[in-house]
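Asker: A structural model of the following input is requested.
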Amino acid sequence: MSRVGKKAIVIPDGVEVELSRGELTAKGSRGVLSVALSHLVETSKVDNAIVVKPRSGAKSDGKKSREMWGTMRQMIAQAIVGVSQGFKRQLVFEGVGYRASVAERTLKLSLGYSHDIMFPIPEGMQISISPERNNIIVVEGNDKQQVGQVASLIRSMRPVEPYKGKGLRYIDAFVRRKEGKKK
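Answerer: Residues are numbered from 1 along each chain as shown. Next comes the predicted model:
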């Protein structure tokens, strides 16, 4: 049983939350995000917090309602964090001659192929190269799902190979190295 759903979502200062029919809208310093609410849960605003409960009664489907309880709570919490702080994912690329640069809403990647890869930056996202280490790509945005999706698409352009460790990986990922051929 989910215990995450029981926790109330505290609304931080500077964030406005509106509940309307089937939708929750969060407005903050970083923009506006909307979450489509499930009909299987009840969402209410109490004081300075959002409370999510599984729907009870004839209209509810008991098991499905409990399944959506924690999911909806987490989606609402991520929307509130997104408009107040945002989300960030970092990728590291390793390999001789591998380079990345950002110019005019396009990420240009040189990853050992015969051609450079031009990745258009989606609307509402920021992609930059770390100033400290020029082999780190930083993907930032308000929507956690979109940040993860874009980082995954970039990573899929050159997955890490296990023998030399060359390729694109998340900064906190562990690459299990394999031993090469033996004579």
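Asker: next up, the contacts around the residue sitting nearest the centre point of the chain.
Answerer: Note on the chain: the residue nearest the mean C-alpha position is residue 144, at 2.6 Å, using C-alpha atoms, centre = their mean. Counting by C-beta atoms under 8 Å, 6 or more residues apart in numbering, residue 144 touches 78, 81-82, 87. For the C-beta atoms, the positions are set from N, CA and C on the backbone; glycine is no exception.
Asker: assumed residue 27 was part of a strand.
Answerer: Yes. Applying DSSP: H, G, I helix; E, B strand; the rest coil, one finds residue 27 inside a strand.
Asker: isn't it up against residue 14?
Answerer: No. The criterion here is C-beta atoms under 8 Å, and residue 27 misses it with residue 14 at 9.3 Å.
Asker: and those two? Which one has more around it.
Answerer: Using other C-beta atoms under 10 Å as the criterion, residue 27 and residue 14 rank with residue 27 on top: 15 against 11.
Asker: so what touches the helix or strand hosting residue 43?
Answerer: Assessed by DSSP states H and E, residue 43 sits inside strand 41-46. By C-beta under 8 Å, 6+ apart, the residues outside strand 41-46 that reach it are 8, 17, 19, 24, 37, 50-55, 65, 68-69, 72, 76.
Asker: returning to what we had before: how much space between the residue nearest to the centre of the chain and residue 114?
Answerer: As judged by C-beta to C-beta, to the nearest Å, residue 144 and residue 114 stand 35 Å apart.
Asker: neighbouring strands - and their directions - for the longest strand anywhere in the chain?
Answerer: When the chain is parsed with DSSP state E, its longest strand is strand 87-94. With DSSP bridges as the test, strand 87-94 is paired with strand 136-141 (antiparallel), strand 167-170 (antiparallel).
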